[in-house]
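Undergrad: pasting the sequence and the predicted model now:
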Amino acid sequence: MAKSPLSISRPCRIVGTGQYLPAPVSSESIEEKHGLPKGWSMKYSGVNVRHQVTHETLAIMGSQAAQQALDAASLTLDDIDVFITGGSGFDQIIPCQAALTLSAMEGGSHAHCEAFHVNTTCLSFVTAFALAADKLQLPDVKRVLVVAAEVASKGIGPENWETLTLFGDGAAAVILEETNLPHCGLVAHMHKTYTEGTQAAQIPGGGIAKWIEDHAFDPALHHFHMDGRELLRLALKHLPAHMTEFFARAGTSWSEVDWILPHQASKTGMGMIPKLAQVHPDRVINILEHTGNCIAASIPMALHELVSKGRLQPGQTAFLTGTSAGFAIGSLLYQHA
């Protein structure tokens, strides 16, 4: 059966991707260090190797991924009109992470493009991608560089085995360019927050409400806390309606999408995707075992895997989707040319 023709809402084209991963850390080493049963990580989190920073900051990792994307596109930083970073963390509170990452790049000390940061936690890259597509509809914007970098290891404590073994650090970047090619660009984007899940995934301390001068370091405040069962309940409750509405907007269906790039949330979550979409698992980009959950960097890492290996062909679609703290669900459909 022929695919339904898609209407492009915001023309744009991916011209380069990049990735940076710090030092690998095996599940075996984590299990041995923290006294976990051998094989626990693969059995319950589905992660064999994740990466953790040694000296790297978000700016260092993000700038490396961004440079790789520029090299892949045969561009320089001077060719970029808008620079967007996305993620849940920051190297320092002020200035914004985009300025810090931009300044860390080759030639970044003299950069003068628009730069800003987006934080919708795990969905930050999806949000930034949609904003980049919006920016490219302006007459003076030709190219946008989007970078997502995360250092989960700084906020993870040994008290919760699930989070200890699930999360990883890393960065990925994508360059979007204006295009006149037909049938190329963003088809649809949708993001909804369901505040009944506000406390299901959080780091309570470090902000204005629990400022560092008023609250000494405390794992209960400053380590990441996640109620996996509650997040799964919320996903099962809201995902069906979300997908129905999204694909009605997009004018297509899960089964017609060529590639599904989910947030690498968990072993359980990744296992659900092929069943929900009713597609063969080969059409789902699953890198969880080799990277862990890298928060906002997970989806662009999956996109880098798809693009850098030449798997995303002209005319094909890539469906970026996931959940995030909040609780939120976000989806974006892109068609390549």
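TA: Yep, that arrived.

Undergrad: centroid residue for this structure?
TA: Ala296 (3.1 Å; CA atoms, centre = their mean).

Undergrad: where does the chain have low pLDDT?
TA: Low-confidence segments of the chain, defined by pLDDT under 70: 1-4.

Undergrad: next helix or strand past the longest helix along it?
TA: As assigned by DSSP state H, the longest helix anywhere in the chain is helix 228-250. Using DSSP states H and E, the helix or strand that directly follows helix 228-250 along the chain is strand 259-262.

Undergrad: that following strand - contacts with which helices or strands?
TA: helix 267-277, helix 298-308, strand 317-324 (3 or more CB pairs under 8 Å, 6 or more residues apart in numbering; DSSP states H and E). In this view, the C-beta of every residue, glycine as well, is placed from N, C-alpha and C.

Undergrad: sheet partners, orientation included, of the shortest one?
TA: Right, strand 317-324. strand 259-262 (parallel), strand 328-335 (antiparallel) (DSSP bridges).

Undergrad: would a markdown table of these with distance to Ile60 and mean neighbour count be doable?
TA: Output for the strands paired with strand 317-324, formatted as a markdown table (distance: least, CB to CB, whole Å; neighbours: other CB atoms under 10 Å):
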| stretch | distance to Ile60 | mean neighbour count |
| --- | --- | --- |
| strand 259-262 | 25 | 24 |
| strand 328-335 | 27 | 25 |
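
Undergrad: how much does the helix or strand hosting Ala65 deviate in direction from helix 298-308?
TA: Element membership of Ala65 [criterion: DSSP H and E] is helix 58-72. Calculated by axes from the mean of the first three to the mean of the last three CA atoms, to 10 degrees, helix 58-72 forms an angle of 20 degrees with helix 298-308.

Undergrad: could you point out which element follows helix 58-72?
TA: Helix 58-72 is succeeded, C-terminally, by strand 82-86 (DSSP H and E).

Undergrad: coming back round to it: can you list the helices and strands packed on strand 259-262 in CSV and add distance to Ile94 and mean neighbour count?
TA: Formatted as CSV, the helices and strands packed on strand 259-262 follow (distance: least, CB to CB, whole Å; neighbours: other CB under 10 Å):
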stretch, distance to Ile94, mean neighbour count
helix 267-277, 34, 17
helix 298-308, 25, 25
strand 317-324, 24, 24
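
Undergrad: of all these, which one comes closest to Lys43?
TA: Relative to Lys43, the nearest member of the helices and strands packed on strand 259-262 by CB to CB is helix 267-277, separated by 8.6 Å.

Undergrad: next, the angle from that closest one to helix 228-250.
TA: Using the same axes, to 10 degrees: helix 267-277 against helix 228-250 is 30 degrees.

Undergrad: give me the contact list for helix 267-277.
TA: Helix 267-277 is contacted by residues 44-47, 228, 232, 235, 239, 243, 254-255, 257, 260, 262-264, 280-281, 283-284, 286, 288, 323 when judged by CB atoms under 8 Å, 6 or more residues apart in numbering.

Undergrad: surely Lys192 touches Ala328?
TA: Yes - using CB atoms under 8 Å, Lys192 is in contact with Ala328, at 6.5 Å.

Undergrad: which one, of the helices and strands packed on strand 259-262, ends up nearest to Leu181?
TA: strand 317-324 (14.6 Å).

Undergrad: what lies in contact with that closest one?
TA: Counting by CB under 8 Å, 6+ apart, 6, 120-126, 129, 187, 201, 231, 234-235, 252, 254, 256-263, 265, 269, 298-299, 303, 306, 312, 329-336 sit against strand 317-324.
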